[in-house]
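**Q** model the structure of this input:
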Amino acid sequence: MTIRFAAPPDRRFPRLSPQQVREARNLRANDNDNGGIHAGDAMLHAALRHFAEHGLAAAQWARQHAEAAGSAGDRQAYLWWLEICRALDRRMAAELDLGARV
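**A** Residues are numbered from 1 along each chain as shown. Just a heads-up that it's a prediction; the model follows:
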């Protein structure tokens, strides 16, 4: 697949007016506000350490730990591993949480 770069036709006349450029600079590019519950620093640190240990399979490992804790009746450990799973893969954590509620 080729990539085509289309430069503006004339550098003196950009496609955005100066007013549009000023307005665009005030927009947040990535504020990560998805409306969900945000993990704290300790949870994020634990999730990153778990990711460093298990790589791309870290979310699956966290899910397995959460399922094992849930089966053992350890609610606190279940919630801990669920949050680690959520930090790594929200969809997988949502499926796990939904399955636990049913």
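**Q** low-confidence regions, this protein specifically.
**A** Within the chain, the stretches with pLDDT under 70 are 1, 7-14, 27-39, 100-102.
**Q** let's go with 50 and repeat that
**A** 102 (pLDDT under 50).
**Q** convert the C-alpha atoms of the helix or strand containing Ile84 to PDB, please.
**A** Take DSSP states H and E as the rule and Ile84 turns out to sit in helix 75-88. Taking C-alpha atoms only, helix 75-88 is exported to PDB below (Å, rounded to 0.1, in the frame of the first residue of the first chain):
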ATOM      1  CA  ARG A  75     -14.100 -10.800  46.800                       C
ATOM      2  CA  GLN A  76     -11.200  -8.400  47.500                       C
ATOM      3  CA  ALA A  77      -8.700 -10.400  45.300                       C
ATOM      4  CA  TYR A  78     -11.400 -10.700  42.600                       C
ATOM      5  CA  LEU A  79     -11.900  -6.900  42.500                       C
ATOM      6  CA  TRP A  80      -8.100  -6.300  42.500                       C
ATOM      7  CA  TRP A  81      -7.500  -8.600  39.500                       C
ATOM      8  CA  LEU A  82     -10.600  -7.200  37.800                       C
ATOM      9  CA  GLU A  83      -9.200  -3.700  38.000                       C
ATOM     10  CA  ILE A  84      -5.900  -4.800  36.700                       C
ATOM     11  CA  CYS A  85      -7.700  -6.600  33.800                       C
ATOM     12  CA  ARG A  86      -9.700  -3.400  33.200                       C
ATOM     13  CA  ALA A  87      -6.500  -1.300  33.100                       C
ATOM     14  CA  LEU A  88      -5.200  -3.600  30.400                       C
END
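**Q** show me what that helix is packed up against.
**A** Contacts defined by 3 or more CB pairs under 8 Å, 6 or more residues apart in numbering; DSSP states H and E place helix 75-88 against helix 41-54, helix 58-72, helix 90-101. Placement of C-beta: from N, CA and C, glycine included.
**Q** burial measure for Gln64, as a count.
**A** Gln64 is flanked by 14 other residues according to other CB atoms under 10 Å.
**Q** brilliant, that's me finished.
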